[in-house]
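In: Mind folding the following:
(one chain, ligands or ions: 1)
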Amino acid sequence: MPVAVMVLALFLPIAGIAWEVESLNFKPGFNLFSSQQDVQLGKETAAEVDSSYPLVTDPQVLRYINDLGRRLAAFAPNNDLAYAWTFKVINSSDINAFALPGGYIYVNRGAMEAAEDEAQIAGVMAHESAHVVMRHGTHEASQALVAQAPLAILGGILGQSGSLTARLTELGLNLGVNSILLKNSRRAESQADEVGTYILYRAGYDPHAMAQFFEMVEKKYPQKTIQLISDHPAPENRINAVDREIPLLGPAQGWKTDSPEFEGAKKRLLSLPAAPGAKSAPSTLAGSAGPPPAPSSRLTKFEGTDFSIAYPDNWQVQQSEDAVAFFPPGGIVDVAESGAAQAYGASISRFQPQRSREGKWGLVDATEELLDTLRPSNPALRVIEQRGMNLKGRSALSTLLETDSPLPGQKERDLLVTARQSNSLFSLILIAPQSTFDAYKPTFDAMLESLELQ
Ligand SMILES: [Zn+2]
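Out: From the prediction side, this is the model:
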């Protein structure tokens with residue numbers, strides 16, 4: 001019996017909302033793994049994350065995030081004693097967070113610094129904890145296994161000992177940091193919102209805080225949130241959904257919003273040396289650093305999970321949950337309120353069209369929908385030209401855009417290339433200030449030429 005329903009029954013002995021109560025009957029989906037295997041898989045993947053991302057090691061910050069995380073997890077439905085509930089902070093200014101199966105949760109430093117109070121960061125963590133208890137990662141992996149390796153399942157391969165990751169990789173399942181374990185469906189994201197809001201409420205926080213955080217981030221740090229918005233439900237939908245859910249949770253309380261511990265941990269983070277990557281790139285904001293060096297004509301190849309692309313070998317690569325950015329030194333600039341934005345380079349992400357029925361969307365409409373999600377944060381965004389193109393036999397759309405550059409007083413040109421990949425919209429944005437776009441054009445052409453989608 002899910003705890004959620006019992007609690008609701010106590011709070012809401014009202015007839016006529018049965019279907020809504022039903023929708024709060026949080027039940028994990030189909031899964032071939034045991035919760036112990038979630039933990040094993042999470043642990044193996046966490047080791048990979050720990051060795052490939054810079055982590056914040058400050059004891060005060062870690063103590064705070066683990067205390068808060070465990071306090072929240074205690075209110076999660078379908079919690080399992082096996083879950084590790086280990087929280088780490090990635091030393092990146094990107095505003096992001098992700099959860100691995102079994103309770104290994106990573107929050108980016110950028111997310112903690114952006115949160116305006118404890119309730120907001122608790123909202124992010126409650127959402128990620130929801131992915132853990134709803135077992136979204138291994139649910140996705142289970143579905144892929146059924147499709148790809150049904151015989152292995154019959155053969156009981158999951159029950160054998162040794163590295164689970166290695167066995168699954170043998171079966172053709174792509175696991176690891178940028179893998180199926182983190183590719184949550186839109187439905188899983190909405191469910192994580194629902195469960196996360198419930199956890200917030202039960203832990204005594206303002207249950208609006210999670211959706212508010214996403215809305216605040218989208219408004220305040222538009223350039224940093226492309227990946228956050230592209231694989232999470234659009235903020236307005238989120239807020240509406242949460243607003244519908246909250247009255248079902250119970251009466252309004254004296255909700256907790258902030259704590260001295262949060263303010264202390266945030267202050268501590270802000271006092272630490274800047275995160276590597278984005279922040280270590282010289283800022284062109286001051287005008288003293290000047291433009292980035294010209295892109296090298298020597299290209300190097302980046303292999304993504306389902307695409308590859310070549311990029312100049314003097315550029316850096318920054319990967320997050322579902323997006324990859326390529327940029328020259330100085331290509332990421334500081335903008336107001338401690339945010340950072342990409343002024344030069346390329347960015348690849350995926351977008352899930354919502355407006356049309358599942359799977360039945362056209363490239364032009366889906367691209368328009370993607371542009372609509374960018375417009376609120378890019379009010380000057382304008383389409384200059386759009387035309388069809390061919391990406392090694394796959395039909396694609398090339399859209400030339402103009403918007404305001406994060407460089408003060410400058411306009412920006414973006415070449416957006418979109419194509420259908422599986423059921424989502426693959427998007428590549430090539431970015432440069434308008435004044436230098438032509439100089440970057442040969443590099444952009446070479447990158448496009450090299451792009452391969454699987
Ligand atoms: Zn999520």
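In: which of the residues in the one helix or strand residue 187 maps to are buried?
Out: If you go by DSSP states H and E, residue 187 is part of helix 186-202. Going by neighbour count (16 or more other CB atoms under 10 Å), the buried part of helix 186-202 is 186, 188-202. Bear in mind the C-beta positions are built from the backbone N, C-alpha and C, glycine included.
In: swap in stretch 156-174?
Out: Neighbour-count burial for stretch 156-174, counted by 16+ other CB under 10 Å, picks out 157, 158, 164, 165, 167, 168, 171, 173.
In: In helices, which of the residues you listed appear?
Out: 164, 165, 167, 168 (DSSP state H).
In: one step back: closest to residue 140 out of the buried residues of stretch 156-174?
Out: Nearest to residue 140 among the buried residues of stretch 156-174: residue 173, at 9.8 Å, using CB to CB.
In: Assign a three-state SS to the nearest residue to that closest one once chain neighbours are set aside, would you?
Out: Computed as CB to CB, 6 or more residues apart in numbering, the closest residue to residue 173 that is not its neighbour in sequence is residue 144, at 5.7 Å. Secondary structure state of residue 144, per DSSP: H, G, I helix; E, B strand; the rest coil, is helix.
In: Isn't residue 144 up against residue 181?
Out: No - using CB atoms under 8 Å, residue 144 is not in contact with residue 181, being 10.3 Å away.
In: Comparing these two, which shows the higher neighbour count?
Out: Higher neighbour count among residue 144 and residue 181: residue 181, with 27 against 18, using other CB atoms under 10 Å.
In: who touches the more buried one in this structure?
Out: By CB atoms under 8 Å, 6 or more residues apart in numbering, residue 181 lies in contact with 41, 45, 100, 101, 137, 138, 140, 141, 175.
In: Can I get the residues you listed in JSON lines including neighbour count and secondary structure?
Out: As requested, these are arranged in JSON lines below (neighbours: other CB atoms under 10 Å; DSSP: H, G, I helix; E, B strand; the rest coil):
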{"residue": "41", "neighbour count": "24", "secondary structure": "helix"}
{"residue": "45", "neighbour count": "23", "secondary structure": "helix"}
{"residue": "100", "neighbour count": "27", "secondary structure": "strand"}
{"residue": "101", "neighbour count": "31", "secondary structure": "coil"}
{"residue": "137", "neighbour count": "29", "secondary structure": "helix"}
{"residue": "138", "neighbour count": "26", "secondary structure": "helix"}
{"residue": "140", "neighbour count": "22", "secondary structure": "helix"}
{"residue": "141", "neighbour count": "29", "secondary structure": "helix"}
{"residue": "175", "neighbour count": "23", "secondary structure": "coil"}
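In: Report the two of those residues separated the most.
Out: 45 and 140 (13.2 Å).
In: circling back to that earlier point, and the next helix or strand after the helix holding residue 187 with helix 186-202, angle?
Out: Going down the chain from helix 186-202, the next helix or strand is helix 209-220, by DSSP H and E. Helix 209-220 runs at 120 degrees relative to helix 186-202, counting by axes from the mean of the first three to the mean of the last three CA atoms, to 10 degrees.
In: how distant is helix 209-220 from the center of its chain?
Out: In terms of CA atoms, centre = their mean, to the nearest Å, the centre of helix 209-220 is found 14 Å from the chain centre.
In: by contact count, what packs against it?
Out: When contacts are defined as 3 or more CB pairs under 8 Å, 6 or more residues apart in numbering; DSSP states H and E, helix 209-220 sits against helix 109-114, helix 118-133, helix 186-202, helix 226-230, helix 235-249.
In: Out of these, flag the one nearest residue 436.
Out: Short answer: helix 226-230, nearest of the helices and strands packed on helix 209-220 by CB to CB, at 21.5 Å.
In: what mean pLDDT does the closest one have?
Out: Helix 226-230 shows a mean pLDDT of 47.
In: Out of the ones in helices among the buried residues of stretch 156-174, which two sit at the greatest distance?
Out: Greatest spacing in those, by CB to CB: 165 and 167 (7.4 Å).
In: distance of the residue lying closest to residue 121 once chain neighbours are set aside from residue 123?
Out: Once flanking residues are discounted, residue 121 sits nearest to residue 115: 3.9 Å by CB to CB, 6+ apart. Computed as CB to CB, to the nearest Å, the residue 115 to residue 123 distance reads 8 Å.
In: anything in contact with each of the two?
Out: Residues touching both residue 115 and residue 123 (CB under 8 Å, 6+ apart): residue 213.
In: So for these two, which sits in the more crowded spot?
Out: For the pair residue 115 and residue 123, the greater number of neighbours falls to residue 123 (29 against 24), based on other CB under 10 Å.
In: if I've got this straight, residue 26 is in a helix?
Out: No - using three-state DSSP, the secondary structure at residue 26 is coil, not a helix.
In: Would you confirm that it contacts residue 195?
Out: Yes - counting by CB under 8 Å, residue 195 is a contact partner of residue 26 at 5.4 Å.
In: Name the residues contacting each of those two.
Out: Jointly contacting residue 26 and residue 195 under the rule CB under 8 Å, 6+ apart are 77, 133, 134.
In: with these in mind, which one is nearest to residue 252?
Out: residue 77 (21.2 Å).
In: Setting aside sequence neighbours, what's the nearest residue to the closest one?
Out: Nearest non-adjacent residue to residue 77, counting by CB to CB, 6+ apart: residue 26, 4.5 Å away.
In: How many neighbouring residues does that neighbour have?
Out: When neighbours are counted by other CB under 10 Å, residue 26 registers 19.
In: How about the one 3 residues further on?
Out: For residue 29, the number of neighbouring residues by other CB under 10 Å comes to 16.
In: roughly how far apart are the residue of the stretch 351-454 of the chain found nearest the ion and residue 136?
Out: In the stretch 351-454 of the chain, the residue that lies nearest the ion is residue 352 (12.5 Å; CB to the ion). Look at residue 352 and residue 136: by CB to CB, they are 15 Å apart.
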